[in-house]
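Asks: next one to model:
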Amino acid sequence: MRTLFLCFGLLSSLLHADDWPQWLGPQRDGVWRETGIVDAFPPGGPKVLWRMKIGGGYTGPAVANGRVYLMDRQVAEKSSVPGNAFARGVIPGSERVLCLDEKTGVLIWEHRYDCTYTMSYSTGPRCTPVVSEGKLWTLGAEGNLFCLDASKGTVLWSHDFKKEYGVQTPMWGFAGHPLLDGQRLICLCGGQGSVAVAFDKDSGKEIWRALDAREPGYCPPTMIEAGGTKHLILWHPQSVNSLDPATGKVFWSYPWEVRAGLTVATPRLAGDKLLLSSFYTSSKCFQLDASKPEATLLWEGKSFSEKNTDTLHSLISTPFIENGHIYGVCSYGQLRCLKLDSGERVWETMAATTGGPLVRWATAFIVKNGDRFFLANELGDLIIAKLSPKGYEEISRAKLLKPTTTDPRRAVVWSHPAFADRCVFMRNDEEIVCASLAK
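Replies: Just a heads-up that it's a prediction; the model follows:
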């Protein structure tokens with residue numbers, strides 16, 4: 001019996017469990033580090049533990065301390081959404097912050113506030129919540145920033161970006177996932193001198209504001225370290241910028257005019273190389289200095305076309321970099337492999353996204369686990385695959401959700417999943433599902 005207990009204890013120590021408390025996971029890098037995960041899905045797909053009805057939204061869930069946090073949209077009665085999703089309407093309604101029990105999906109609390117939408121693609125909020133030390137921070141599509149008690153849902157402090165900073169709602173809403181850095185909560189805001197604003201995470205007091213631009217874009221504030229220095233990377237539609245996260249002082253800036261304001265995909269660091277990719281204006285890769293906070297352009301794509309692309313033209317999906325190669329989804333759904341040092345294309349496939357035809361904005365979200373990847377595509381499929389310079393090797397696939405968002409004139413799932421406690425949490429505009437991925 002003693003031997004049995006020792007074996008069980010050893011097994012428990014080897015099995016590593018994690019929360020998913022923010023955008024792209026615990027380290028904000030798109031890596032799921034849990035062990036004890038299935039090698040392939042069983043017949044019929046992974047076991048669904050629960051489903052819970054929710055409203056519309058692009059917000060990916062955050063999972064922490066046995067709870068699931070997400071946001072949705074409730075359209076007011078007798079209100080109508082423009083038939084053309086690109087049109088900016090004035091749509092009364094509310095946004096909700098929801099807290100669910102991780103094991104059952106049962107609603108624990110909700111925070112609801114009036115929120116009239118004025119942006120294009122008005123399905124719902126965009127930003128994944130941030131959870132830390134008993135607090136929850138959320139940013140709605142119209143610029144409502146809240147700090148809530150994570151256990152009760154009570155408001156600790158809040159800001160209204162449009163009222164306080166004199167900004168207009170971006171074409172596609174406020175979408176830069178807030179970044180928690182020590183005592184600072186860093187947000188993409190907009191306005192004169194306030195493209196980025198750092199708030200005290202506990203009091204909500206402004207610590208610093210930085211940068212001017214005609215619009216803030218949609219790219220999440222991103223923290224990296226290079227040359228022994230922490231850099232805050234802020235990519236807006238006129239330039240890539242590296243800032244001192246403590247003060248907002250600019251270390252370096254590189255001009256880059258990006259069409260339609262589409263700075264979206266999260267910047268990715270690999271060693272001393274920093275990659276950024278845009279839908280219309282291809283990719284740029286910067287070489288970071290080893291001794292001081294400076295950067296030089298290593299290579300860039302030359303295409304300004306959404307169809308005749310060269311390197312990688314990302315929109316929604318964040319690329320992944322491993323062993324000197326980039327894996328990312330291009331403008332019409334092409335999952336591509338490129339060489340990091342040059343941008344040279346190695347291969348591409350449509351198997352992970354549409355399964356065949358090129359489709360504008362088609363996408364799949366890429367998360368690494370062990371020696372393989374989990375890809376959640378816009379069709380509601382979850383795929384286990386290996387990605388290497390040799391090609392795309394699909395291991396297993398399961399349908400977990402039906403596509404419901406019709407903003408792009410077809411039904412899609414455009415919400416990033418969360419992976420925690422050996423489960424996947426995925427949502428559309430009607431429900432959130434929790435499925436076990438435990439071996």
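Asks: which other residues reach stretch 179-186?
Replies: 22, 28, 130, 132, 137, 147, 178, 187, 196-202, 207, 220-223, 232, 245-246 (Cβ atoms under 8 Å, 6 or more residues apart in numbering). No exception for glycine: its C-beta is placed from N, CA and C like everyone else's.
Asks: for stretch 384-397, same thing?
Replies: Against stretch 384-397 from outside (Cβ under 8 Å, 6+ apart): 38-41, 320, 322-323, 325, 327, 335, 337, 346-347, 349, 351-352, 371-375, 381-383.
Asks: which of those residues are buried?
Replies: 41, 320, 325, 327, 335, 337, 349, 351-352, 372-375, 381-383 (16 or more other Cβ atoms under 10 Å).
Asks: in these, find the pair that's most separated.
Replies: Phe41 and His325 (26.2 Å; Cβ to Cβ).
Asks: next, count neighbours for Thr169.
Replies: Neighbours of Thr169 under the rule other Cβ atoms under 10 Å: 18.
Asks: er, Ser80 I mean
Replies: There are 8 residues near Ser80, going by other Cβ under 10 Å.
Asks: and what of the one 10 residues further on?
Replies: Around Val90 there are 10 other residues, counting by other Cβ under 10 Å.
Asks: Ile108 now?
Replies: Using other Cβ under 10 Å, Ile108 is surrounded by 17 other residues.
Asks: which pLDDT value goes with it?
Replies: Ile108 carries a pLDDT value of 98.
Asks: I'd guessed it sits against Leu100; true?
Replies: Yes: counting by Cβ atoms under 8 Å, Ile108 does reach Leu100; the two are 6.4 Å apart.
Asks: need the overlap of contacts for the two.
Replies: By Cβ under 8 Å, 6+ apart, the residues touching both Ile108 and Leu100 are Arg67.
Asks: is it true that Ser396 lies in a strand?
Replies: Yes: assessed with DSSP: H, G, I helix; E, B strand; the rest coil, Ser396 lies in a strand.
Asks: contacts only, for Leu100.
Replies: So Leu100 contacts Met52, Arg67, Val68, Tyr69, Leu70, Val106, Leu107, Ile108, Ile432 (Cβ under 8 Å, 6+ apart).
Asks: which among those residues end up buried?
Replies: Here the buried ones among the contacts of Leu100, as counted with 16+ other Cβ under 10 Å, turn out to be Met52, Arg67, Val68, Tyr69, Leu70, Ile108, Ile432.
Asks: which stretches in the stretch 251-400 of the chain count as helices?
Replies: Counting by DSSP state H, counting those that start in this stretch, the stretch 251-400 of the chain forms no helices at all.
Asks: any low-confidence regions in it?
Replies: Residues of the stretch 251-400 of the chain meeting the criterion pLDDT under 70: none.
Asks: domain parsing for the chain?
Replies: Domain assignment for the chain by automatic domain parsing gives 30-51+264-439, 59-174, 177-263.
Asks: now, the contacts of stretch 384-397 that are in strands?
Replies: Judged by DSSP state E, these include 320, 322, 325, 327, 335, 337, 346-347, 349, 372-375, 381-383 as members of strands.
Asks: so which helix or strand takes in the closest residue to Gly140 other than its chain neighbours?
Replies: With Cβ to Cβ, 6 or more residues apart in numbering as the criterion, Gly140 has its nearest non-adjacent residue at 4.7 Å, and that residue is Glu95. Element membership for Glu95, per DSSP states H and E: strand 93-101.
Asks: quick check: next helix or strand after that strand?
Replies: Assignment by DSSP H and E places the next element after strand 93-101 at strand 107-114.
Asks: what does that next one rub up against?
Replies: With Cβ under 8 Å, 6+ apart as the test, strand 107-114 has contacts from 52, 67, 74, 92-101, 144, 146, 148, 152-153, 155.
Asks: could you pull out the strands in the stretch 101-250 of the chain for me?
Replies: Ranges of strands in the stretch 101-250 of the chain, per DSSP state E, counting those that start in this stretch, are 107-114, 130-132, 135-139, 144-149, 155-160, 179-181, 184-188, 196-200, 206-210, 222-226, 229-236, 239-243, 250-255.
Asks: need these in a markdown table with distance to Ala17, can you?
Replies: Formatted as a markdown table, the strands of the stretch 101-250 of the chain follow (distance: least, Cβ to Cβ, whole Å):
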| stretch | distance to Ala17 |
| --- | --- |
| strand 107-114 | 21 |
| strand 130-132 | 16 |
| strand 135-139 | 21 |
| strand 144-149 | 25 |
| strand 155-160 | 28 |
| strand 179-181 | 21 |
| strand 184-188 | 26 |
| strand 196-200 | 31 |
| strand 206-210 | 34 |
| strand 222-226 | 24 |
| strand 229-236 | 28 |
| strand 239-243 | 34 |
| strand 250-255 | 37 |
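Asks: these: which one's closest to Phe365?
Replies: Taking Cβ to Cβ, strand 222-226 is the member of the strands of the stretch 101-250 of the chain nearest to Phe365, at 16.8 Å.
Asks: so which bits of the closest one are buried?
Replies: Thr222, Ala226.
Asks: okay, now the sheet partners of that strand, with direction.
Replies: Paired neighbours of strand 222-226 in the sheet (DSSP bridges): strand 229-236 (antiparallel).
Asks: now the angle from the strand it pairs with to strand 206-210?
Replies: 60 degrees (axes from the mean of the first three to the mean of the last three Cα atoms, to 10 degrees).
Asks: which positions within strand 229-236 qualify as buried?
Replies: Buried residues in strand 229-236, counted by 16+ other Cβ under 10 Å: Thr229, Lys230, His231, Leu232, Ile233, Leu234, Trp235, His236.
Asks: which of those lies closest to Ser314?
Replies: Using Cβ to Cβ, the buried residues of strand 229-236 come closest to Ser314 at Trp235, 12.0 Å.
Asks: Ser342 versus the closest one, what's the distance?
Replies: In this view, Trp235 and Ser342 are 22 Å apart by Cβ to Cβ, to the nearest Å.
Asks: show me what Val240 bridges to in the sheet.
Replies: In beta-bridge terms (that is, DSSP bridges), Val240 pairs with Trp235, Tyr254.
Asks: alpha carbons of stretch 431-439, as CSV, please.
Replies: Only the C-alpha atoms of stretch 431-439 are listed here, as CSV (Å, rounded to 0.1, in the frame of the first residue of the first chain):
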residue,chain,number,x,y,z
GLU,A,431,-22.6,29.1,-25.6
ILE,A,432,-19.3,28.4,-23.9
VAL,A,433,-18.2,24.7,-23.8
CYS,A,434,-15.7,23.0,-21.5
ALA,A,435,-14.3,19.7,-22.7
SER,A,436,-11.8,17.4,-21.0
LEU,A,437,-8.4,16.9,-22.7
ALA,A,438,-7.0,14.7,-19.9
LYS,A,439,-5.2,11.5,-20.9
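Asks: any idea how far it is from the chain center?
Replies: Centroid separation between stretch 431-439 and its chain, computed with Cα atoms, centre = their mean, to the nearest Å, is 19 Å.
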